[in-house]
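>>> Show me how the following folds:
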Amino acid sequence: MAKQSSGEILHFSMVRLRVTGSGNLRLTIMPLDGIANETLSPLAMSSTTSAEKDVLTSVRSQYAQVEVKVTDINEKFIISRLRVLVKPSAGSYPV
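Coordinates of the predicted model:
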């Protein structure tokens, strides 16, 4: 279980996922303050995969969410593993 955040600023550095499907997968990291959304590089999916894909990012916030979507109607995806690599970068916001 993840440790509960106590207000420190986190650095979201990478999204690592194992995904199969058809089409292109669009990833967006969205800090919950809504100020600096970062759209990540699209991933071309295939019907089989033997490795996890890494997508680099650089977002600093207390909290963030990852949005995963496709843009065309007939595209689909199955995510079997999703990890967001996060590291504390500051104890709190400067006063």
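
>>> pretty sure residue 23 is in contact with residue 46, am I right?
No. Counting by C-beta atoms under 8 Å, residue 23 does not reach residue 46; the two are 10.3 Å apart. Using the backbone N, CA and C atoms, a C-beta is placed for each residue, glycine as well.

>>> name the element residue 54 belongs to?
Per DSSP states H and E: residue 54 is located in strand 53-61.

>>> which residues are in contact with that strand?
Contacts with strand 53-61, where a contact means C-beta atoms under 8 Å, 6 or more residues apart in numbering, come from 9-19, 27, 29, 31-33, 36, 38, 40-41, 43, 89-90.

>>> Now with 7 Å, please.
9-17, 19, 27, 29, 31-33, 36, 38, 40-41, 43, 89 (C-beta atoms under 7 Å, 6 or more residues apart in numbering).

>>> Any of the residues you listed buried? List them.
By neighbour count, with 16 or more other C-beta atoms under 10 Å, the contacts of strand 53-61 hold 10, 12, 15, 17, 19, 27, 29, 31, 40, 43 as buried.

>>> Now do the same for the closest residue to the first one other than its chain neighbours: helix, strand or coil?
Spatial nearest neighbour of residue 10, chain neighbours left out: residue 86 (5.0 Å); criterion: C-beta to C-beta, 6 or more residues apart in numbering. Using DSSP: H, G, I helix; E, B strand; the rest coil, the structure places residue 86 in strand.

>>> Offset the numbering so it begins at 609, please.
In the new count, where the first residue is 609, that last one comes out as residue 694.
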